[in-house]
Each structure stands twice: as C-alpha cells, then as structure tokens.
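J.: Have a look; sequence and predicted model below, questions after that.
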Amino acid sequence: MGEKISMVVAMSLSPQITMAELLQTYPGAQRALFRHYHIGGCASCGFQPEETLAGVCARNEGVDPQDALARILEAHEQDELVLISPKDAAEALRGGAARFLDVRTREEFEAVSIEGSQLFSQDLLQEIMAHCPKDTMLVLVDHTGTRTLDAAAYFAGHGFQNVKALRGGIDAWSCEVDPNLPRYTTE
C-alpha cells in the first residue's frame with residue numbers, strides 16, 4: 001500500500017503545494033501532520049496558509065515532505081471511511097437509523113438547520129456519553145464538512161463505532177437533499 005500511496009503522491013501532489021491548497025483538498029492534513037510530527041497544533045509549530053509544505057517540513061526538524069505527503073494521503077483514506085454522502089445521510093435520518101448532531105454555532109443553527117438535527121452542546125455531549133449506545137449512528141453536521149472530521153475522531157476515540165461526518169456539510173445537504181434549505185456564507 002505504501003508504494004501505491006507514494007506513486008499517487010508523486011503524480012498528484014508536490015511539496016511545493018501551499019498549506020492553504022493542501023488543506024482545501026485534504027481537510028484532514030493538519031490532523032495528520034499533528035499526529036505524526038506535532039506540526040500545526042500550537043503557535044510554535046503552526047504554519048501560515050501561504051507557506052509550502054516543504055517549508056513547513058524543513059523548519060520542523062527536517063521532516064521529509066514526501067513522507068508527510070504519504071501520511072496525509074493515508075489519513076485522507078481513513079477520513080473517506082468516515083464521510084457519508086448527504087443522500088445516504090438523509091436516508092438514515094428518514095429511517096430513524098441516525099442521530100444528527102450539528103457542531104456549528106448557535107447562530108448558524110438557528111438561521112438554518114436540518115430538521116431532526118440537534119445543536120451540539122456540552123450538555124448534549126454529556127447525555128450522549130452517558131446514555132447513547134456506542135453503535136448508534138451519529139452524523140455530524142457543520143457548514144461545509146471541514147470541522148466534523150475532528151469531532152468524528154473525538155467520538156471514535158471514546159468508543160463510538162458508527163460515527164459519520166456529513167460530506168460537504170449543510171451546504172451540500174441544501175444542494176443535494178433539500179434545495180429549500182437556505183445556503184449561506186460565513187465570510
């Protein structure tokens with residue numbers, strides 16, 4: 001498998017990619033870099049969007065950029081297993097097989113939300129941890145599908161076996177499932 005990943009890295013990615021471009025294409029890249037190299041988790045090991053991966057690797061104890069790219073692609077493959085399409089998520093929601101947890105802000109949730117979803121809060125987290133069966137399908141929702149992978153990793157780390165992140169977030173849901181649901185920007 002490592003050989004396959006190395007070939008893909010050589011064909012599609014370059015160490016000269018900016019961190020902004022890398023994170024746009026591979027949202028889990030920062031999590032992978034932090035997990036393996038402690039890059040990107042704090043001010044001393046952070047990076048700027050315009051920096052290249054090669055530059056970030058060089059100033060972080062000489063991390064091999066090709067190795068970092070391979071780790072990012074491995075993490076991306078694992079992220080793909082967690083993602084659920086809006087149509088599949090809608091089917092699970094309609095069938096009562098999933099619990100939707102919205103990790104956006106209260107303001108975003110109150111402005112637009114998926115019917116049947118719950119706004120994630122500390123109280124809800126405590127209730128889920130104490131009473132929700134570990135095999136319950138939890139579908140995590142955010143705006144565009146970038147923050148839910150971190151939340152999914154949290155739940156998986158606490159023993160939940162069927163955690164999904166809504167691919168494309170509520171934005172994709174409004175395009176693919178419910179066109180009456182308003183779309184918005186956060187900029």
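T.: Thanks, I have the structure now.
J.: Which helix or strand lies directly C-terminal to the lengthiest helix in the chain?
T.: The single longest helix within the chain, with elements called by DSSP state H, is helix 65-82. Sequence-wise, the next helix or strand downstream of helix 65-82 (DSSP states H and E) is strand 83-84.
J.: If you count contacts, what does that next one end up packed against?
T.: Under the contact criterion of 3 or more CB pairs under 8 Å, 6 or more residues apart in numbering; DSSP states H and E, strand 83-84 touches strand 163-166. Any C-beta I mention is one placed from the backbone N, CA and C, and that applies to glycine too.
J.: Ile84: neighbour count?
T.: The tally of other residues near Ile84 (other CB atoms under 10 Å) stands at 20.
J.: List of residues touching stretch 171-185?
T.: With contacts defined as CB atoms under 8 Å, 6 or more residues apart in numbering, stretch 171-185 is touched by 85-87, 89-90, 108, 111-112, 114, 141, 143-145, 166, 168, 170.
J.: Report the central residue of this structure.
T.: The chain has Leu149 as the residue nearest its centroid, 2.6 Å off, counting by CA atoms, centre = their mean.
J.: can you map out the helices along this structure?
T.: Using DSSP H, helices in the chain cover 2-12, 19-25, 29-37, 53-58, 65-82, 86-94, 106-111, 122-131, 148-157, 169-176.
J.: Output these as a markdown table; include the columns mean pLDDT and distance to Arg183.
T.: Formatted as a markdown table, the helices of the chain follow (pLDDT from 0 to 100; distance: least, CB to CB, whole Å):
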| stretch | mean pLDDT | distance to Arg183 |
| --- | --- | --- |
| helix 2-12 | 47 | 30 |
| helix 19-25 | 90 | 19 |
| helix 29-37 | 90 | 26 |
| helix 53-58 | 94 | 32 |
| helix 65-82 | 93 | 24 |
| helix 86-94 | 97 | 13 |
| helix 106-111 | 96 | 11 |
| helix 122-131 | 96 | 25 |
| helix 148-157 | 92 | 17 |
| helix 169-176 | 97 | 5 |
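J.: circling back to that earlier point, so which of the contacts of stretch 171-185 is surrounded by the most neighbours?
T.: Among these, Leu166 has more neighbours than the rest - 30 neighbours, counting by other CB under 10 Å.
J.: got a pLDDT number for the residue lying closest to that residue once chain neighbours are set aside?
T.: Nearest residue to Leu166, sequence neighbours excluded (CB to CB, 6 or more residues apart in numbering): Val141, at 4.9 Å. Listed pLDDT for Val141 reads 98.
J.: Cool, thanks, signing off.
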